[in-house]
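S.K.: the following block contains a protein sequence and its predicted model.
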Amino acid sequence: MNDTIKKKCLMCNEEFSVSRDHLWKFLCPTHTQEFYIPLRRNHSFQSALHLIELAILLDDIEMLRDRFMGKPREEPKVSEGFRSVVGTAEWQKLKETAAV
């Protein structure tokens, strides 16, 4: 039994092979690399799929590049863990203990 099947890319309509355990893939490897992977950094699978389908429907791939992939990534939230202790009385005690 063949472990791959043929699918058509939603963007270029070209056939590509995909393994049977990756049936969720809907873009050829080139378009997956260019669009899907960057979109998944900020969007869920379903959201990325809808954005790609919308761009295809509107025949405006540039909109996809400009508005969704080009948006600046949000800075990750940093835990205040260590920073919240610096400068407090507990921090001063720790410094004094370490100096001994």
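M.R.: Yep, that arrived.

S.K.: and the strands in the chain, which stretches?
M.R.: 4-8, 15-19 (DSSP state E).

S.K.: can you say which of those is nearest to residue 52?
M.R.: strand 4-8 (13.8 Å; CB to CB). From N, CA and C alone the C-beta is placed, and that goes for glycine too.

S.K.: that closest one: which residues count as buried?
M.R.: Going by neighbour count (16 or more other CB atoms under 10 Å), the buried part of strand 4-8 is residue 7.

S.K.: I'd like the strands of the chain as JSON lines, with distance to residue 63 and mean pLDDT appended.
M.R.: Listed next are those as JSON lines, based on distance: least, CB to CB, whole Å; pLDDT from 0 to 100:
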{"stretch": "strand 4-8", "distance to residue 63": "22", "mean pLDDT": "92"}
{"stretch": "strand 15-19", "distance to residue 63": "24", "mean pLDDT": "92"}
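
S.K.: if I look at the most centrally placed residue in the chain, how far off is residue 68?
M.R.: Taking CA atoms, centre = their mean, the centroid of the chain lies closest to residue 41, which sits 1.4 Å from it. Residue 41 is 11 Å from residue 68, where distance means CB to CB, to the nearest Å.

S.K.: burial measure for residue 51, as a count.
M.R.: The local packing of residue 51 (other CB atoms under 10 Å) involves 19 other residues.

S.K.: need the nearest residue in space to it, chain neighbours excluded.
M.R.: residue 68 (5.4 Å; CB to CB, 6 or more residues apart in numbering).

S.K.: now do the contacts for the one you found.
M.R.: 39, 42-43, 51 (CB atoms under 8 Å, 6 or more residues apart in numbering).
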